[in-house]
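S.K.: Prediction below, plus the sequence it came from.
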Amino acid sequence: VTDPLSAALAALLSRHVDLEEGQVADYIPELAGADPSCFGISMVSVHGQIYSAGDAELPFTIQSVSKPFVYALALSDLGLPRVARHVGFEPSGEPFNAISLEPGTGRPANPLINAGAIVTTSLIAGDAFPRIRDTMSAFAGRALSLDEDVYRSEALTGDRNRALAYLTSSQGVLARPANEATDTYFRQCALRVTATDLAVMGATLANAGINPVTGHRVVDEDVARITLSVMSTCGMYDHSGEWMVRVGLPAKSGVGGGITAVLPGEFGIGVYSAPLDAQGNSVRGMAALQDASTRLGLHVFAPVGEARTAIAESTVTGSALNLGLRGEINFTAAEQITRHIHEQVATFPISLIVLDLTDVTAVRPIAAELLAATGAGLTGRGVRIEPIDPSGILGTRSDTDPPPPNP
Ligand code: GLU
């Protein structure tokens, strides 16, 4: 029996399987042999559940979908300011293999076009390829292997990428000799993945850097956030603006036919279908993701309504207000709670507020600060706040949070 989510994904594939437009990439000769009819999708939640349909376990080479993950590794090694001296984070609006170097600095526009990706790869210190392979494997939650034939095929024909590497080298932004940087880049592009791997990799970014299937932290929260930001503005090359409007998910495509898309805090999605449009994006993959975004309501900028309210219960008994909170209390939730408390205090003769945190999963430092300030303001008006906090959530914090404010 398939679960209803996998069944929904299968239905999604069936709506686009007849789409016959596009061409399998052949500028890397070894890619030309891909079966144009194969089509698969996987969706992985930040809780680590995997749903999939079609050829979700069929291996193909990751190609450019590797770029954001190698960027994440460079950011982890060096931090954004040092990485940004070599590669920017502005969309170029140009094709993937464009010669797009910033006048003056010579930096490639962003890490997701080839010039920027090769520079990013050159920043990986030490034994670069094994480190890249291990990081991508940690993102995928399994050991990824190299497709030697695709690697050799690109290494033999990749003169344009070598030319880009020499250009960036002449500008002083490439951190290694050009032939070394391109060789590592060709290997990173030839790592074998499946649609499910791409979904897990995306879900790791969605989950603030922790692989939700293995539970391992791969990169920190800041790195995941920066990587997703760059994917949202530059991930689909010269189609990035239209993609954001129509689909609204940070994503990265590759000429192997794979696409990773991410709904931050919720899901990673991986799709695979080899035929590409003129921009180098999988035709069926894009159609499936646009459909998924519309039907499942996944657009990042879709308005979020009261369904996400942090207030699960609010009752006034005599002079006591009982407030039951739930989920993660972030800035928005704290604003809502503060506003609600002030409305209630203005309406009823309240002298005690019982704040039940039993169902709260996390309290962000800014929320703790705002709630403490609200409490302090009310004390002056004769209203006392009494938290029920059985798991001590007010005292705990995540490892990337800044220190909590003094109480
Ligand atoms: N290895 C490919 C290249 O550099 C990746 C391009 C892509 O996937 O868009 O040409």
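M.R.: Now that the structure is in, tell me what you want to look at.
S.K.: alpha carbons only for contacts and neighbour counts from here, please
M.R.: Noted.
S.K.: Now do the helices in the stretch 51-200 of the chain.
M.R.: 66-78, 80-84, 114-122, 128-140, 148-157, 159-170, 178-189, 195-206 (DSSP state H, counting those that start in this stretch).
S.K.: For those, could you give me CSV that also reports distance to N330?
M.R.: What follows is these, written out as CSV (distance: least, CA to CA, whole Å):
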stretch, distance to N330
helix 66-78, 25
helix 80-84, 25
helix 114-122, 34
helix 128-140, 27
helix 148-157, 45
helix 159-170, 42
helix 178-189, 38
helix 195-206, 17
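S.K.: And the strands in the chain?
M.R.: 40-45, 50-54, 60-61, 192-193, 251-253, 258-263, 267-272, 311-317, 320-329, 352-363, 384-388 (DSSP state E).
S.K.: Extract the CA atoms of the longest one and return them as PDB.
M.R.: C-alpha atoms of strand 352-363 as PDB (Å, rounded to 0.1, in the frame of the first residue of the first chain):
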ATOM      1  CA  LEU A 352      -2.700  36.800  36.900                       C
ATOM      2  CA  ILE A 353      -1.600  35.400  33.600                       C
ATOM      3  CA  VAL A 354      -0.800  31.700  33.500                       C
ATOM      4  CA  LEU A 355       1.500  31.000  30.500                       C
ATOM      5  CA  ASP A 356       1.400  27.300  29.700                       C
ATOM      6  CA  LEU A 357       4.500  26.400  27.700                       C
ATOM      7  CA  THR A 358       4.000  22.600  27.900                       C
ATOM      8  CA  ASP A 359       3.500  22.300  24.100                       C
ATOM      9  CA  VAL A 360       6.200  24.800  23.100                       C
ATOM     10  CA  THR A 361       9.000  23.300  21.100                       C
ATOM     11  CA  ALA A 362      11.500  26.300  21.200                       C
ATOM     12  CA  VAL A 363      11.700  29.800  22.300                       C
END
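S.K.: List the contacts of the residue in the stretch 101-250 of the chain positioned nearest to the ligand.
M.R.: Proximity to the ligand, evaluated over the stretch 101-250 of the chain using CA to the nearest ligand atom, is greatest for C189 at 5.1 Å. The neighbours of C189, taking CA atoms under 8 Å, 6 or more residues apart in numbering as the test, are T61, I62, Q63, S64, V65, S66, Y151.
S.K.: and with 6 Å instead?
M.R.: Taking CA atoms under 6 Å, 6 or more residues apart in numbering, we find C189 in contact with I62, Q63.
S.K.: sorry, back to before: out of the strands of the chain, flag the one nearest A175.
M.R.: In this view, the strands of the chain are compared for proximity to A175 by CA to CA, and strand 251-253 is the closest at 24.3 Å.
S.K.: so, in contact with the ligand or not, the closest one?
M.R.: No - contact check for strand 251-253 against the ligand, using CA under 6 Å from any ligand atom: none in range, with a minimum separation of 6.6 Å.
S.K.: who touches that strand?
M.R.: Outside strand 251-253, the residues that touch it by CA under 6 Å, 6+ apart are V65, M231, G235, M236, I259, T260, A261, N281.
S.K.: Grab the nearest non-local neighbour of the residue of the stretch 1-150 of the chain found nearest the ligand.
M.R.: Shortest the stretch 1-150 of the chain-to-the ligand distance, computed as CA to the nearest ligand atom: residue-wise this is S64, at 3.6 Å. Counting by CA to CA, 6 or more residues apart in numbering, the nearest residue to S64 once its immediate chain neighbours are dropped is G254, at 4.3 Å.
S.K.: What count of nearby residues applies to the one you found?
M.R.: Neighbour count of G254, defined by other CA atoms under 10 Å: 25.
S.K.: so what pLDDT did it get?
M.R.: Model confidence at G254, expressed as pLDDT, equals 96.
S.K.: Which residues of the stretch 151-300 of the chain lie near the ligand?
M.R.: Counting by CA under 6 Å from any ligand atom, the residues of the stretch 151-300 of the chain that sit close to the ligand are F186, C189, G254, V255.
S.K.: contacting residues for the third one?
M.R.: Yep, that's G254 we're talking about. Q63, S64, V65.
S.K.: Check the burial of I269 by counting its neighbours.
M.R.: Tallying neighbours of I269 according to other CA under 10 Å, which is how burial is gauged here, yields 30.
S.K.: Can you give me the distance of it to the ligand?
M.R.: Distance of I269 to the ligand, given as CA to the nearest ligand atom, to the nearest Å: 17 Å.
S.K.: isn't that residue right up against A199?
M.R.: Yes - in this structure I269 lies within contact range of A199 using CA atoms under 6 Å: 4.3 Å.
S.K.: anything in contact with each of those two?
M.R.: A shared contact of I269 and A199, defined by CA under 6 Å, 6+ apart, is any residue touching both; here these are S42, M43.
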